[in-house]
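**Q** Test case, fold it:
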Amino acid sequence: MHVSAVALESLLAWDRRWTRRLNAGIGVAPVRVMLRLVSRLGDGVFWYAVMLVLSVTQGRPGLEIALRMLAAGMIGLVVYKLLKSRTTRPRPYQVLGDIRAGIDPLDAFSFPSGHTLHAVAFTLVAVSRFPALAWVLVPFTLLVALSRVVLGLHYPSDVLAGAAIGALVALAVPAL
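**A** Sure thing, here's the model as predicted:
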């Protein structure tokens, strides 16, 4: 086997192993309920609320950050839809018979995690101007990322790729 094929198979094995380990958490009712809620809030509701609160309570700096978050969201949406339509990676629960889906997905494919991409982008943009928000936004972002694997919708590599892309998107959104 070629070295790159061995490396790819090793990565896929790691992905499957951690997906199985983390998806086991779906059997713990409080974990399942909490991560379903986090995932649904990560659909956008939480982030729209953050943008609204910043706009209303922080004056012009809050509005500027909310607009940057909105721009990051639009860029992130385009990027992740392009990647998903080209990679068409099936979700873990569709491929691995022992993985249970804990919530219905918003779209058909796994790579990359759009929830994680947006959570990281929004958090980095917001915290760049309002660092005190990190104590709320960073844990929420980590829970969003975790929820995607525990709920059987993504592999860890989908989440890691989403996080990296989200960081790049945040860097690409210029200050106003």
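
**Q** The lowest-mean-pLDDT helix or strand in the chain - contacts with which helices or strands?
**A** In the chain, no helix or strand scores lower on mean pLDDT, DSSP states H and E than helix 3-23, which sits at a mean of 89. Other helices and strands packing on helix 3-23, by 3 or more Cβ pairs under 8 Å, 6 or more residues apart in numbering; DSSP states H and E, are helix 92-95, helix 134-150, helix 156-172. Where you see a C-beta, it was placed from the backbone N, CA and C, and this is true even at glycine.

**Q** and D15, how far is that from M69?
**A** For D15, the distance to M69 equals 30 Å [Cβ to Cβ, to the nearest Å].

**Q** So for these two, which residue has more residues nearby?
**A** Neighbour count, other Cβ atoms under 10 Å: between D15 and M69, M69 has more, with 25 against 19.

**Q** Secondary structure element holding that one?
**A** Assessed by DSSP states H and E, M69 sits inside helix 59-87.

**Q** If you count neighbours, what's buried in that helix?
**A** The neighbour-count criterion (16 or more other Cβ atoms under 10 Å) identifies 62, 64-73, 75-76, 79-80, 83-84 as the buried residues of helix 59-87.

**Q** Please apply the same query to stretch 105-124.
**A** Quick answer for stretch 105-124 (16+ other Cβ under 10 Å): 105, 109-124.

**Q** try stretch 41-57
**A** For stretch 41-57, the neighbour count (16+ other Cβ under 10 Å) marks L41, G42, F46, W47, V50, M51, L54, S55 as buried.

**Q** Among the helices and strands packed on helix 3-23, which comes closest to L8?
**A** helix 156-172 (10.9 Å; Cβ to Cβ).

**Q** roughly how far is the closest one from the heart of the chain?
**A** Helix 156-172 sits 8 Å away from the centroid of its parent chain (Cα atoms, centre = their mean, to the nearest Å).

**Q** Alpha carbons of stretch 28-43, as PDB, please.
**A** Extracted in PDB, the C-alpha atoms of stretch 28-43 (Å, rounded to 0.1, in the frame of the first residue of the first chain):
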ATOM      1  CA  VAL A  28     -27.100   9.100  28.300                       C
ATOM      2  CA  ALA A  29     -30.400  11.000  28.400                       C
ATOM      3  CA  PRO A  30     -29.200  14.300  30.000                       C
ATOM      4  CA  VAL A  31     -26.200  14.400  27.500                       C
ATOM      5  CA  ARG A  32     -28.500  13.700  24.600                       C
ATOM      6  CA  VAL A  33     -31.000  16.300  25.600                       C
ATOM      7  CA  MET A  34     -28.400  19.000  26.300                       C
ATOM      8  CA  LEU A  35     -26.500  18.400  23.000                       C
ATOM      9  CA  ARG A  36     -29.700  18.400  21.000                       C
ATOM     10  CA  LEU A  37     -30.500  21.800  22.500                       C
ATOM     11  CA  VAL A  38     -27.000  23.100  21.800                       C
ATOM     12  CA  SER A  39     -27.200  21.800  18.300                       C
ATOM     13  CA  ARG A  40     -30.500  23.500  17.600                       C
ATOM     14  CA  LEU A  41     -29.300  26.700  19.100                       C
ATOM     15  CA  GLY A  42     -26.200  26.400  16.900                       C
ATOM     16  CA  ASP A  43     -28.500  26.300  13.900                       C
END
